[in-house]
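> structure for the following, please:
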Amino acid sequence: MTKFDNPLAPKFGRLKDKSAEIKGWVRDLMNVPTDTPITVAELACRDEGCPDIETVIGVLEPEKPITKIRVHATMTEVTKANIAEAAGLKQ
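Got it, this is the predicted structure:
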């Protein structure tokens, strides 16, 4: 039996690998333990001069405020250098 591929289904799979890559860069740049959750999402950006879509990264360390990193690019365009710059880190 073959799997039915719904052409109307969301295309989240294409970003799954990129999301994992971004999380790896964040762990590397910020020395985040592997058991600390990191979220990556594309959101509409409403700030002046911001592109229509931005990538927002959240580092959810226990008993600390959430660290938010905003990169003014789509997930597919994000690089490790973009994250370092947005987080104020040296690469």
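
> so who does the residue sitting nearest the centre point of the chain touch?
Residue closest to the average C-alpha location in the chain (Cα atoms, centre = their mean): residue 40, at 3.1 Å. Contacts for residue 40 (Cβ atoms under 8 Å, 6 or more residues apart in numbering) come out as 19, 22-23, 55-58, 75. From N, CA and C alone the C-beta is placed, and that goes for glycine too.

> element containing it?
In the assignment (DSSP states H and E), residue 40 maps to strand 38-44.

> pLDDT of the next helix or strand after that strand, averaged?
Per DSSP H and E, the first helix or strand lying C-terminal to strand 38-44 is strand 53-59. For strand 53-59, the mean pLDDT works out to 95.

> identify the residues contacting strand 53-59?
22, 26, 30, 32, 36-45, 66-75, 78, 83.

> count the residues that sit near residue 49.
Applying other Cβ atoms under 10 Å, we find 6 residues neighbouring residue 49.

> what's the spacing between it and residue 72?
Residue 49 sits 9 Å away from residue 72, going by Cβ to Cβ, to the nearest Å.

> what do you get for residue 46?
Here the criterion is Cβ to Cβ. By it, residue 46 lies 12 Å from residue 72.

> higher neighbour count, those two?
Between residue 46 and residue 72, counted using other Cβ under 10 Å, residue 72 has the larger neighbour count: 16 against 8.

> ok now do the more buried one, which residues does it touch?
Taking Cβ under 8 Å, 6+ apart as the criterion, residue 72 is in contact with 45, 50-51, 54.
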